[in-house]
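Q: Here is my input; please provide its structure:
(one chain, ligands or ions: 1)
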Amino acid sequence: MATISKENYLKTIFLQNSLSGKMITSTELAKELNVSKAAISEMANKLSQQGFIEYKKFKGIKLLAKGKKIAVDVIRKHRLWELFLIETLGLSWDEVHAEAEKLEHCTTLNLIDKIDEHLNFPILDPHGEPIPNKKGEFRAEKNDIPMKECFIDKKYLIVRVNDRSDELMKYLSKINVYLNKEITVLEKINFDGSILIENDKLKQMLSEKITENIFVREIEK
Ligand SMILES: [Zn+2]
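A: Below is the predicted model:
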């Protein structure tokens, strides 16, 4: 079993679990990883024999301590690399995810600890995702909501963006939507779920597909 696919498998289970709060099924995992259900079951059997996961057919997959440790280490590497590539090497927002997807599998714990120290132990990655520390603890609060659930006439701060699509990153950079930006929600169009916002005194229309992938926090008055 290749290390990369095992790491991606465990990472995806961890991310999906923490997103939905539920156990991931093999169908969902197959869709996320873009492989067949048979391949997922085969890997699930192997990983459960080795004590990384608990796998019950029809019920889903749960990470055990040993599997969670690997998943969190890979996520730590991914998010620290993204920040390092932006802060230290000057890569752009939309370039770093693809690089980090590769680097996360070939970085030693020693090297990532050095990068962590070099960056002064950051708690958030460039997309607003929390970076686990050396002990595997996530220290950032996640009290943000998807932009699609915003209320009109309220001000929000952009706190997190789903980084999985380079196209989305590129588009957001183009229209000047980035982290810690203040926006006001002017109107919600019920017909197609799009939202009209005010950003830098400009009005912008964002589709539902975009607002599902941007997370915001209300600015208290
Ligand atoms: Zn990323």
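
Q: Where does residue 47 sit, in terms of helix or strand?
A: According to DSSP states H and E, residue 47 maps onto helix 37-49.

Q: strands paired with the helix or strand containing residue 205, and their directions?
A: Residue 205 belongs to strand 202-206 when elements are defined using DSSP H and E. Counting by DSSP bridges, the strands paired with strand 202-206 are strand 195-199 (antiparallel).

Q: Let's test this: mean pLDDT of the host helix or strand of residue 27, rounded?
A: Element membership of residue 27 [criterion: DSSP H and E] is helix 26-33. The predicted model assigns helix 26-33 a mean pLDDT of 89.

Q: do stretch 165-179 as well
A: So the average pLDDT for stretch 165-179 ends up being 90.

Q: Put the alpha carbons of it into CSV.
A: Taking C-alpha atoms only, stretch 165-179 is exported to CSV below (Å, rounded to 0.1, in the frame of the first residue of the first chain):
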residue,chain,number,x,y,z
SER,A,165,-10.5,24.7,-6.0
ASP,A,166,-7.7,26.7,-7.6
GLU,A,167,-10.4,28.3,-9.9
LEU,A,168,-12.3,29.6,-6.9
MET,A,169,-9.0,31.0,-5.4
LYS,A,170,-8.2,32.7,-8.6
TYR,A,171,-11.6,34.2,-9.0
LEU,A,172,-11.7,35.5,-5.4
SER,A,173,-8.3,37.1,-5.8
LYS,A,174,-9.6,38.8,-9.0
ILE,A,175,-12.6,40.3,-7.3
ASN,A,176,-10.7,41.3,-4.2
VAL,A,177,-12.3,38.9,-1.8
TYR,A,178,-9.7,37.7,0.7
LEU,A,179,-9.3,36.8,4.4
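
Q: Checking residue 183 next. Helix, strand or coil?
A: Three-state assignment for residue 183 (DSSP: H, G, I helix; E, B strand; the rest coil): strand.

Q: correct me, but it touches residue 199?
A: Yes - using C-beta atoms under 8 Å, residue 183 is in contact with residue 199, at 4.9 Å. Yep, even glycine has a C-beta here, placed from its N, CA and C like the rest.
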